[in-house]
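1. Dropping a prediction and its sequence here:
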Amino acid sequence: DIQMTQSPSSLSASVGDRVTFTCRASQAIGISLAWYQQKPGKAPNLLVYSASRLESGVPSRFSGSVSGTDYTLTIGSLQPEDFATYYCQQYYDPQYTFGQGTRLEIK
Amino acid sequence: QVQLVQSGGGLVKPGGSLRLSCAASGFTFSDYFMSWVRQAPGKGLEWISYISSTNTYTRYADSVKGRFTISRDNAKNSLSLQMNSLRAEDTAVYYCARESRVSGWYNYWGQGTLVTVSS
């Protein structure tokens, strides 16, 4: 199975900050990567697919990029509603896998 | 609008069985792959199974292979997960999710249902 390793596991930031999350794949997956946001007690919400394509309705402060097997999700200017847990998911291999998540907390 | 409404779940003893259901509406169900994803308490997301749009093939995570069976009824717009030989480590919130038409990302999710395996 392809392992997805997210870093950091948690992050403290303030409203207005620019933050970046990283997800590293254990092998090449091309652009077959999605990012999700999950708030407590809620289902995940798709933010980005194909590594860098923003899902319809997602604010433009979110962006995704890739370099080799390293994927990043960036929030340009944190808003209060962005404090949540973020997960990456690879769908290159038929055995889909998620990263372990990065929890974004208010500083 | 797209809706995935889940039912089933609850408390079951180790070794027991449970069936989860997911009723779909607002889209042509037979056009889409569907999946089950679970989340143990305080833990991350774990993909456990998907089924092709026409019931042609299924796939399972190693953690549930041989114990869980995914199925769908395209005439009734419904997805199911039969869970047998349940273990304490199967305790989780289970989500049904719809894949995009293009590839394996999930753009719609059910509300989740809690399965607790405990004696």
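-> Everything's here; your move.
2. Give me every residue in chain B lying close to chain A.
-> Applying CB under 8 Å from any CB of the partner chain, one finds that chain B approaches chain A through B:35, B:37, B:44-47, B:50, B:59, B:61-62, B:95, B:100, B:103-107, B:109-112. C-beta: built from backbone N, CA, C; applies to glycine.
3. For B:N107, give its distance to B:V5.
-> 17 Å (CB to CB, to the nearest Å).
4. what about those two, which has more around it?
-> More crowded of B:N107 and B:V5, by other CB atoms under 10 Å in any protein chain shown: B:N107, with 17 against 13.
5. So the nearest residue to B:Q39 once chain neighbours are set aside: helix, strand or coil?
-> Ranked by CB to CB, 6 or more residues apart in numbering or on different chains and with sequence neighbours excluded, the top spatial neighbour of B:Q39 is B:V93, at 4.9 Å. Look at B:V93: counting by DSSP: H, G, I helix; E, B strand; the rest coil, its state is strand.
6. Next, count neighbours for whatever residue of chain A ends up closest to chain B.
-> Nearest to chain B in chain A, going by CB to the nearest CB, is A:Y91, at a distance of 2.8 Å. Other residues near A:Y91 come to 23 when the count uses other CB under 10 Å.
7. Repeat that for B:F33.
-> Counted with other CB under 10 Å, B:F33 comes out at 20.
8. give the contact list for the residue of chain A closest to chain B.
-> Counting by CB atoms under 8 Å, 6 or more residues apart in numbering or on different chains, A:Y91 makes contact with A:32-34, B:103-105.
9. make it 10 Å
-> Residues in contact with A:Y91 (CB atoms under 10 Å, 6 or more residues apart in numbering or on different chains) are A:2, A:29, A:32-34, A:49-50, A:97, B:47, B:50, B:99-100, B:103-106.
10. do the same with B:S7
-> Contacts of B:S7 (CB under 10 Å, 6+ apart): B:19-23, B:78, B:110, B:113.
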